[in-house]
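Engineer: got a predicted structure plus its sequence, pasted below:
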Amino acid sequence: MSSKHQLFNSHFVFADHEGKQALEEDTISIPKSSNVLGIANGLACIVNDKHRISVYNLSTRESTTIPPPPQEIRFQDRLSFGFDPLANEYKIVKFCAHDKEQFEIFTLGAERWRRINRKHYNFYGGTKWYDFKEAICVNGVIYWMVKSMAESLKINLHSFDVHGEKFQKVAVPGNGLCLFSDLIQIEGCLAVIQDSECGNKFKLKMLQDYHNNVWTHKIIDIPLGPKDVRYPTLAGTLGTGEILILDDHFSGCFRLFYSDMRSKRLRSAKIALPSFFGENKWKRYYANHYSQTGENDGSWLYSASVFSFHHVENILPLEEDGQGFI
């Protein structure tokens, strides 16, 4: 997804992982200053700067607007999007990091939000905390990292079972989470990236069994040298089983690397953005987020986020708006 800061336009830009020129017809305009809450099973959920929530079907190009929750969405509220594969339902979860009572949920296709009961889960532990990084939904469970203000800013992993609608604190083995930890999906499992060695060797902790909290350790050694990419970032796995690696700089097009861990084969692809994005250089400033700056004043022209997911063709109708997104 890309947005132009000067005009506040936002777009979804689609490209095949084999690499090609992304044309203007491969872009979808969405409300200005939008943030992606999540992408699940072919549907994308976003919220704009007016706190308006929308869901888009990336296959049919239909969209629908979600009714506002009973309590107005505030800056400190957390919104997450997940898919329940058992009931084939999509849900949006809303809660406030500073209010123990505001836990609300919206099921796609319903008419209104509802309050969920969390009295059997001591979510806050009697202390305040605040959200840390973006959430990720894996196998019907939403995960996110939070910092505890009462535990010297200790970072904990929390989860929400989309089907059972239950929160849970997830114990991470070893030293747990740190400031540089990231959550991605690898081989169908939640993976915690602990750190990297020499830029191309990543230590992962993979949650193999959510209900029994079974973790395994894995080291991914990417066959990339400093001349290829200085600071590679793991973005997750594709439907091919390959691991997607992002470059830290690019000009005119994204340069991506794909690593097959079984055959140890590495391939690369370049995906050129539509011409209206210009030719200025892009630079990664955080994880999978990039910015494009002007030649003279260094001001941001565009920002972009790269999402790696196995796209599923979805024919679920979103008829409330009755519109495609152009």
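Structural biologist: Happy to help now that I have it.
Engineer: what pLDDT does the model give the closest residue to Gly241 other than its chain neighbours?
Structural biologist: Closest residue to Gly241 apart from its sequence neighbours, by Cβ to Cβ, 6 or more residues apart in numbering: Asp260 at 7.0 Å. Placement of C-beta: from N, CA and C, glycine included. Asp260 is assigned 85 on the pLDDT scale.
Engineer: neighbouring contacts of stretch 103-110?
Structural biologist: Contact with stretch 103-110 is made by 43, 55, 66-67, 69-71, 89-95, 112-116, 118, 165, as judged by Cβ atoms under 8 Å, 6 or more residues apart in numbering.
Engineer: could you dump it to PDB, C-alpha only?
Structural biologist: This file holds the C-alpha atoms of stretch 103-110, laid out as PDB (Å, rounded to 0.1, in the frame of the first residue of the first chain):
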ATOM      1  CA  PHE A 103     -13.800  -4.700  24.600                       C
ATOM      2  CA  GLU A 104     -16.000  -4.700  21.500                       C
ATOM      3  CA  ILE A 105     -16.200  -6.900  18.400                       C
ATOM      4  CA  PHE A 106     -17.900  -6.700  15.000                       C
ATOM      5  CA  THR A 107     -18.600  -9.800  12.900                       C
ATOM      6  CA  LEU A 108     -18.700  -9.000   9.200                       C
ATOM      7  CA  GLY A 109     -22.300  -9.300   8.000                       C
ATOM      8  CA  ALA A 110     -23.800  -8.300  11.400                       C
END
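Engineer: that one: which residues count as buried?
Structural biologist: Neighbour counts using 16 or more other Cβ atoms under 10 Å place 103-108 of stretch 103-110 among the buried residues.
Engineer: same check on stretch 144-163?
Structural biologist: 144-148, 155-162.
Engineer: with pLDDT and secondary structure as extra columns, can I get these in a markdown table?
Structural biologist: Compiled in a markdown table, the buried residues of stretch 144-163 are given as follows (pLDDT from 0 to 100; DSSP: H, G, I helix; E, B strand; the rest coil):
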| residue | pLDDT | secondary structure |
| --- | --- | --- |
| Trp144 | 87 | strand |
| Met145 | 85 | strand |
| Val146 | 80 | strand |
| Lys147 | 76 | strand |
| Ser148 | 70 | strand |
| Ile155 | 83 | strand |
| Asn156 | 84 | strand |
| Leu157 | 89 | strand |
| His158 | 88 | strand |
| Ser159 | 91 | strand |
| Phe160 | 91 | strand |
| Asp161 | 94 | strand |
| Val162 | 95 | coil |
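Engineer: so which of the contacts of stretch 103-110 sit within strands?
Structural biologist: Members of the contacts of stretch 103-110 lying in strands (criterion: DSSP state E): 43, 55, 89-95, 114-115.
Engineer: filter these down to the buried ones, ChimeraX style.
Structural biologist: Provided next is the ChimeraX selection string for whichever of the ones in strands among the contacts of stretch 103-110 are buried by 16+ other Cβ under 10 Å:
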select :43,55,89,90,91,92,93,94,95
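Engineer: got a markdown table for the ones in strands among the contacts of stretch 103-110, with distance to Leu234 too?
Structural biologist: Listed next are the ones in strands among the contacts of stretch 103-110 as a markdown table, based on distance: Cβ to Cβ, whole Å:
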| residue | distance to Leu234 |
| --- | --- |
| Leu43 | 24 |
| Val55 | 28 |
| Glu89 | 30 |
| Tyr90 | 27 |
| Lys91 | 27 |
| Ile92 | 27 |
| Val93 | 26 |
| Lys94 | 29 |
| Phe95 | 29 |
| Arg114 | 37 |
| Arg115 | 37 |
